[in-house]
Each structure stands twice: as structure tokens, then as C-alpha cells.
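pasting the sequence and the predicted model now:
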Amino acid sequence: MLTIKKYTLLSAAIVLFFSCKKGGPNQSDTTINSKSREIKGIEIIKGNNQLAYKNQVLDTIVFKVKLNTTTDESPLQYYTKMSGNSGSFNVLSQVKSGDDMIIKVFWQPNSTEVNPTIKFYVGAGCTNEQFIQGTCKTMDSVSLSAKFRQPWRSVYYGNQGGYNVLQDIQFIDEMNGIVVGEGSGTIRTNDGGKTWIKGEPVRNDNSAYLISFTGKDTAMVSIVNNYASFTNDRGKTFAQPSSWTPPFVGHQSSSAYYLQSRDVIYSVGWQGGIAKTTNGGKTWDKTASFNILNSLTDLTHVGNDTLFTCGSVGFIARTTDAGKTWKQQPIQLNNNLNKVYFVNNKLGYIGGQYGTLIRTNDAGEHWDKISTGMSFSIIAIRFFKNHGLIVSSGGEIAESKDNGLSWTLLLKSNYGAGDLRRAIIKDETNVFGLQQSSILTYDITQP
């Protein structure tokens, strides 16, 4: 019986507490006997100017209300004025801390506004009428604001029946770009990615997987069974050379190519395979391959005779003699690595599984792990002096302004893009990604 009475009293207390928590003009007129209290000021100690996502609640917002010395710990009253229809606003708790009242709230702004705002009034012993008219003598207020991020935007959708998967994207220069895939044809832009037009496929079976340029005119596209087609006119036409021999046997057995020239080509792929040709693909030297079960996924040319490759289970290797020999780099890391990028011959980054990013500033002798705030695999990295951008397969985008030492998450995952096969950072503001048969884009300067 005693337990039931305690429960009844507690329920009554909860009802009384929440009766003072309704925001807006319909707030209860319940007046707490708080004449002994005066509000000396209110400040936001956490959660203002947040990045808002459509249909999602912001992180908890915390206010501190300064009071005159009093033993009264009853909840303060509050009132809100929203810009337009700025969604829902709910007070979670009010807790006395010394002479202050700590108030925690949830705010879910209305996604139709770019920059929603809300004014939060707090008072002691005020009526709704006094809140509305601003005549409450014990009232103070503070303004909150947020900024909505727009989601990834589709600029091309190619599902016109049948199998259609976009596989790779490259920009030749600031205005011209090309996308290849399976069942997709060759898709081009000449206005910086604003519009994309489907053209003829690379070959009759309409399948292409990787595209690599050397200069602005010449490029190689990998096709079925790791054969290749070449273009000498920026991708307008392609031709398959009769003298080509695949660097590795098997369909899509090469994960990446680097074209130093039309004749000098490097490739990495399955089971630690590394291959180099100096005669345009007629023959390949594979003596520097690693005898491992893991696959190599990417490679890049750093300068002179130095190249780096990365792959599964934290594998990194470097050559300093143009591919004659490769040496595995020591690093205690088990994450799969997907993308390698060097700013110069000393400073480089490798991105991988679960948002993993590692950094070297001594040409790969030592690597440091950098926190990115990402959860998905990093698939694109690019720097513009000290300004860096990274993109994950989940559509996350992060930015660094201190040469990659720290990162700020600009866009969370699954916000218009959730399964990117490829991504490319075109410039300091524009990012493109391939998701199934769609080309998506994101402008990091947009609200």
C-alpha cells in the first residue's frame, strides 16, 4: 500500500512539472509562486547555430538561467516565438544548480526554412498574457538559430530499363567530365557538371569500369575481362588495341590504373598484384607483386619514380625506383584501405574503412591516424593548399582547414546519398558521386 501511495504522489508531481512546459501561445496560465525569485540573465551554453537536417531533431540545447539567491527549486515558466513555423520545441528538464537553473530542450526546426530561428523567453511568476505582451518583470529571453543543410542532389538519372550501373567518374578539366559504367553508355558534361548527356558506349557490350587519363586527351578504360579501350580525343571515341594483354587474368581483376603515359602504365589488383608495362600493354612486368591473399585497391604517383599503393587489412606499399621494387610500409592497422592521395612528395593521406584516415609527412616512413568523425569508407580525398575535403561511401563529407590535422563533418551519412560507388572532389566547393545509375552532386557552400 505504501508503494502505491508513493507512486501516486510521484505521478502527481510529474503532471505538475509538465504542465509548465508547453511552449507557444497555448501555454498553460499556471503561475508558480515565485515572486521571491528574479532572473538575472539567460545564456546558451550548448547547441546554438547547429547544422540542421530535414525531419531530424537537433542535438540537445542547454540554457543557463541566472537567478538571485533562493531556495525555490520549482520549474521556471517559458514561452517561445518561432520564425514562420519552425517545428517543435520541447523542454526536457529544469535542474537547479547553485543560483542557476539549467534547462535542456529539444528543437526540431521546420525544414522549409533555410535559417530557422526561435526566441526563448523564461520567467518566474508570469502569465501567458504577460509573456505575449512582454510585460513580465521577471522575464528574460535569448535567440536560437540553426542552418539547414541541403541533401545530395541528382543531376543525372540513367535507369532506362535493363542493367545500368555507373562505375567511374573523371574530370578532364574544370568544365569537362566523363562517366562510364555497365549498360550506361558514356555520359559527358561540358558545363562543369551542371548537366550530363548520354553518348555512345565505349564498346558494343556497353560495359566499362575504370577510366584513367594521361593528359587531357588520352585515357584508358578497362572493359570486360580486364581488357582495355583507349581514347585520344577526350572520350569522344574509343578503340580497343589488338596488342593489349590484361595485366591480371580475370574480370575486373585490376582495381586501379595509373597512366604515366600512353606506353607506361601501372596497375594493382587481386592478391597483391602489381604490374607495369612500358609498351602500352603488350607485355607486363609483375615481378614486384606481393604474394598475399589481400587485394590492392588504389595507387598514386607521387613524383619522380615514387608511387604508393594501398589495400585490404591496412596494407600500404611504396616504390622509389619506378616499380622495380616495392616495400610494404609498417603500420599497425587492420582496416581495409581504399584511397591514397599525396599533396606533395612528403605529405600524404590514405582513407579507408569506417572513416579511417592516416597521414604521413615524411613520405610514408611514419603514419598517424587522424579522427574524421565518419562512419563509412573514405572513397575520395583532395587538398587545395591547407584546405582538404574527404567523402565516404555513405555520402558523408568532412572538411579540414589545417592541412588535415583536424576535420569537421559537414554532411552526415544517408542524406540524399547512401551507397556511393565512386566520388570525385572536382574543386573546393563541388563534389560528385555515383550511386547505382545516378550522378549526384553536392556544393559545400550551400546552406
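That came through, no problem. Numbering: from 1, shown residues only.

please report how far the residue nearest to the spatial centre of the chain lies from E428.
Centrality entry for the chain: nearest residue to the mean C-alpha point is E396, 1.6 Å, by C-alpha atoms, centre = their mean. Distance, E396 to E428, using C-beta to C-beta, to the nearest Å: 18 Å. Where C-beta positions appear, they are placed from N, C-alpha and C, glycine not excepted.

cool, D298 as well?
Distance of D298 to E428, given as C-beta to C-beta: 22 Å.

of those two, which one has the most company?
Using other C-beta atoms under 10 Å as the criterion, D298 and E428 rank with D298 on top: 21 against 15.

other SSEs contacting the host helix or strand of that one?
For D298, the element it lies in under DSSP states H and E is strand 296-303. Packing partners of strand 296-303 (3 or more C-beta pairs under 8 Å, 6 or more residues apart in numbering; DSSP states H and E): strand 254-259, strand 265-269, strand 306-311, strand 337-342.

how far away from the center of its chain is the third one?
Put plainly, it is strand 306-311. How far strand 306-311 lies from its chain's middle: 24 Å, per C-alpha atoms, centre = their mean, to the nearest Å.

burial of A275, as a residue count?
Other residues near A275 come to 24 when the count uses other C-beta under 10 Å.

again with I187
Neighbours of I187 under the rule other C-beta under 10 Å: 21.

please report the distance of it from M175.
With C-beta to C-beta as the criterion, I187 and M175 are 15 Å apart.

contacting residues around L410?
Neighbouring residues of L410 by C-beta atoms under 8 Å, 6 or more residues apart in numbering: 51, 149, 397-399, 444.

ignore what I typed, I meant L299.
Neighbour list for L299: 256, 258, 266, 268, 307-310, 340 [criterion: C-beta under 8 Å, 6+ apart].

for V179, see how far away it is.
Using C-beta to C-beta, we find L299 at a distance of 21 Å from V179.

confirm I132 sits in a helix?
Yes. Counting by DSSP: H, G, I helix; E, B strand; the rest coil, I132 is located in a helix.

ok, it touching Y121?
No. The criterion here is C-beta atoms under 8 Å, and I132 misses it with Y121 at 9.6 Å.

which residues are in contact with both of the two?
Applying C-beta under 8 Å, 6+ apart, one finds that I132 and Y121 are jointly contacted by Y79.

those two: which is more packed in?
When I132 and Y121 are compared for neighbours, Y121 comes out ahead with 20 against 14, by other C-beta under 10 Å.

surely that one is in contact with M82?
No. Y121 is beyond contact range of M82, at 11.9 Å (criterion: C-beta under 8 Å).

so, low pLDDT: which residues of this structure?
1-36, 69, 160-162, 447 (pLDDT under 70).

how close does S267 get to Q328?
Plainly put, S267 is 18 Å away from Q328 if you go by C-beta to C-beta.

same thing with L210?
24 Å.

neighbour count winner among the two?
Per other C-beta under 10 Å, whichever of L210 and Q328 has more neighbours is L210, with 21 against 13.

buried sites along stretch 210-221?
Buried residues in stretch 210-221, counted by 16 or more other C-beta atoms under 10 Å: 210-214, 218-221.

the residue nearest to the centre of the chain contacts L409, correct?
Yes. Under the criterion of C-beta under 8 Å, E396 makes contact with L409 at 6.6 Å.

need the residues touching each of the two.
M374.

coming back round to it: wait, which of the helices and strands packed on strand 296-303 is closest to Y78?
Nearest to Y78 among the helices and strands packed on strand 296-303 is strand 337-342; the distance by C-beta to C-beta comes to 48.8 Å.

who does whichever helix or strand comes after the closest one pair up with?
The first helix or strand that comes after strand 337-342 along the chain, using DSSP H and E, is strand 348-352. According to DSSP bridges, strand 348-352 forms sheet pairs with strand 337-342 (antiparallel), strand 357-360 (antiparallel).
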